[in-house]
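Enquirer: Below is the structure, and that's it, no one-letter string:
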Ligand SMILES: [Zn+2]
């Protein structure tokens, strides 16, 4: 609970940057919260509405493409290939102010590594 609202996740900056995601979350809600907190950790924007929209869109598009947080199984390499593309295009749409495809791909790749470690993969082998 934070300011009277239930909290699904947190991004902590000090003493070291880390994210916390409510253990009770499952499936797409868990995935979206993970991406949301990672976006805070990566400081893509300090705006809560921006981070909320980015995470909702990125997670929704990954799920449409058959990739998301899986409890077991799935193909992580194939999932990572989809995630890095989806997140790159989401960032390109959301950060038109940057006009730097290489930087945006680096950000997408960093997020992809984190999400893969958190259990994101394709839903089928
Ligand atoms: Zn937030």
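Expert: Nice, thanks for sending it over. Since the model is a prediction, treat every value here as computed from it, not as a measurement.
Enquirer: Please enumerate the helices of the protein.
Expert: In the chain, the helices defined using DSSP state H lie at 27-42, 48-64, 76-94, 101-117.
Enquirer: Give me the most central residue, this structure.
Expert: residue 35 (2.2 Å; Cα atoms, centre = their mean).
Enquirer: so what's it up against?
Expert: With contacts defined as Cβ atoms under 8 Å, 6 or more residues apart in numbering, the neighbours of residue 35 are 54-55, 58-59, 111, 115. (Glycine included, C-beta is placed from N, CA and C.)
Enquirer: Correct me if wrong: residue 101 contacts residue 92.
Expert: Yes - look at residue 101 against residue 92 with Cβ atoms under 8 Å: they come within range, at 7.1 Å.
Enquirer: Looking at the two, which has the bigger crowd around it?
Expert: residue 92 (16 against 11; other Cβ atoms under 10 Å).
Enquirer: Looking at the residue lying closest to that one once chain neighbours are set aside now. What's its pLDDT?
Expert: Nearest residue to residue 92, sequence neighbours excluded (Cβ to Cβ, 6 or more residues apart in numbering): residue 104, at 5.6 Å. At residue 104, the pLDDT value in this model is 95.
Enquirer: Can you get me a residue count around residue 104?
Expert: By the criterion of other Cβ under 10 Å, residue 104 has 20 neighbours.
Enquirer: if you compare the helices of the chain, which one is most tucked away?
Expert: Across those, averaging neighbours per residue (mean count of other Cβ atoms under 10 Å) puts helix 27-42 on top, at a mean of 21.
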